[in-house]
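1. what's the 3D shape of this:
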Amino acid sequence: MILSPITALHGLVLILRHALFDIGLIKSQYAAIPTLVIGNIHAGGTGKTPHASSLLSIFAKRLGGAENVALLSRGYGRKSKGFRWVSEDKDWREFGDEPFLLKQLNPEHPIAVSENRLKGVERIKKERPNVKLVILDDGLQHRALIPHKSIVLLDSHRPINTEALIPGGSLRDLKSRIKKFDAVVYSRSRDNRKTNKSTFSSEMITTGLDIHPPINSAKSRVLAISGIAEPEQFLESLALKWDIIRRHSYPDHYEFKKEDIENWLAYVRSDDLDGIVTTAKDAVRLKQFSETLKGIQVISIPIEVKWHNEIALNALVDEWVESTIFAK
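-> A predicted model of the protein is given here:
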């Protein structure tokens, strides 16, 4: 209970901050282009990146193509500042691992990073005038921008009613904020929890398990690497296809070091393993070590979203797109 006073102070700060925005003492405004904000009130692990990737494709089909739907991210952990267009032929550290992965998965979509969301959207409008919608994958706490539409992701494995604010729990924002958003998605759910037209559920699925059959035998012996939040489901899915001899888990966004790679290689050789299996997001951060890993089979597994009620989701998207906000 030592953390309780700090947690309470955090709550008071959040209440005051939101109140100042709500009454207009701190200014907020709509961006230059219609925006859809996707975010969470949990600290990590709700699947913002796979959901953002899925929604890019969904809206592109309704707004005339990928070039008309952009994504803007803060670029957590990046080594640069200011506005940057994400490019696959540059170092991922300039943009952050998640925006870089999103560009790999959605190469035709304009994807950028900027710590100032309003200025970032202005740059997108200026340099990509055909863009009709900007999706922001981490903007729920960025109150200076008023989203035209918003989606909050809730982790179905961490019920809100039992959670507390950081540092006493894992919530980064007030529970009451959930009611402010246009749609709620219970992510990482195995059941369809839809209760009304703006509440949905989804699960994370590992794809490509059958694209890479066992390397040498019926069930190849591998080292599993994960540097993502809540990696348990990913590791469980790997066990269906591979014999996981060793597993190494690291914090989300962890920047791998050469000594990490060298330790893995020692394990692979000493245990006579067939290779290394990791997530597509981790593979982004491993790209710089391709020479060190030369000769070792490294398999990258994408994590995607499976929506439990696509018909209802598509109906809501159609309603949004046909509204005056998105149609102009």
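
2. now the stretch 151-300 of the chain, which segments are flagged as low pLDDT?
-> 193-195, 208-218 (pLDDT under 70).

3. Send me the lengthiest helix in the chain as PDB with only the CA atoms.
-> The helix that spans the most residues within the chain, counting by DSSP state H, is helix 4-22. Extracted in PDB, the C-alpha atoms of helix 4-22 (Å, rounded to 0.1, in the frame of the first residue of the first chain):
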ATOM      1  CA  SER A   4      -1.400   4.300  -2.700                       C
ATOM      2  CA  PRO A   5      -0.600   8.000  -2.100                       C
ATOM      3  CA  ILE A   6       1.300   8.200  -5.400                       C
ATOM      4  CA  THR A   7      -1.500   6.600  -7.200                       C
ATOM      5  CA  ALA A   8      -4.000   9.000  -5.600                       C
ATOM      6  CA  LEU A   9      -1.800  11.900  -6.600                       C
ATOM      7  CA  HIS A  10      -1.700  10.600 -10.100                       C
ATOM      8  CA  GLY A  11      -5.500  10.400 -10.200                       C
ATOM      9  CA  LEU A  12      -5.800  14.000  -8.900                       C
ATOM     10  CA  VAL A  13      -3.400  15.300 -11.600                       C
ATOM     11  CA  LEU A  14      -5.400  13.500 -14.300                       C
ATOM     12  CA  ILE A  15      -8.700  14.800 -13.000                       C
ATOM     13  CA  LEU A  16      -7.400  18.400 -13.000                       C
ATOM     14  CA  ARG A  17      -5.800  18.100 -16.400                       C
ATOM     15  CA  HIS A  18      -9.000  16.700 -18.100                       C
ATOM     16  CA  ALA A  19     -11.100  19.300 -16.300                       C
ATOM     17  CA  LEU A  20      -8.900  22.100 -17.700                       C
ATOM     18  CA  PHE A  21      -9.400  20.800 -21.200                       C
ATOM     19  CA  ASP A  22     -13.100  20.200 -20.700                       C
END
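
4. so how far is it from its chain's centroid?
-> Here helix 4-22 is found 26 Å from its chain centre; the criterion is CA atoms, centre = their mean, to the nearest Å.

5. Over to stretch 263-279?
-> Centroid displacement of stretch 263-279 relative to its chain, using CA atoms, centre = their mean, is 28 Å.

6. Output it as PDB, restricted to C-alpha atoms.
-> The C-alpha coordinates for stretch 263-279 follow below in PDB (Å, rounded to 0.1, in the frame of the first residue of the first chain):
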ATOM      1  CA  ASN A 263      23.900 -15.300 -26.300                       C
ATOM      2  CA  TRP A 264      21.100 -16.600 -28.500                       C
ATOM      3  CA  LEU A 265      23.600 -18.000 -31.000                       C
ATOM      4  CA  ALA A 266      25.400 -19.700 -28.200                       C
ATOM      5  CA  TYR A 267      22.200 -21.400 -27.100                       C
ATOM      6  CA  VAL A 268      21.300 -22.300 -30.700                       C
ATOM      7  CA  ARG A 269      24.700 -24.000 -31.200                       C
ATOM      8  CA  SER A 270      25.000 -25.600 -27.800                       C
ATOM      9  CA  ASP A 271      21.500 -27.100 -27.900                       C
ATOM     10  CA  ASP A 272      21.700 -27.900 -31.600                       C
ATOM     11  CA  LEU A 273      18.500 -25.900 -32.300                       C
ATOM     12  CA  ASP A 274      17.000 -25.500 -35.700                       C
ATOM     13  CA  GLY A 275      16.500 -21.800 -35.500                       C
ATOM     14  CA  ILE A 276      14.900 -18.700 -33.800                       C
ATOM     15  CA  VAL A 277      11.200 -17.800 -33.900                       C
ATOM     16  CA  THR A 278      10.100 -14.300 -33.100                       C
ATOM     17  CA  THR A 279       7.300 -11.700 -33.700                       C
END
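
7. which parts of that stretch are buried?
-> When neighbours are counted by 16 or more other CB atoms under 10 Å, the buried residues of stretch 263-279 are found to be 264-265, 268, 273-279. All C-beta atoms are positioned from the backbone trio N, CA, C, and that covers glycine.

8. which of the residues you listed lies closest to I58?
-> T279 (22.4 Å; CB to CB).

9. taking the buried residues of stretch 263-279 one by one, which sit in helices?
-> Restricting the buried residues of stretch 263-279 to those inside helices, with DSSP H as the criterion, leaves 264-265, 268.
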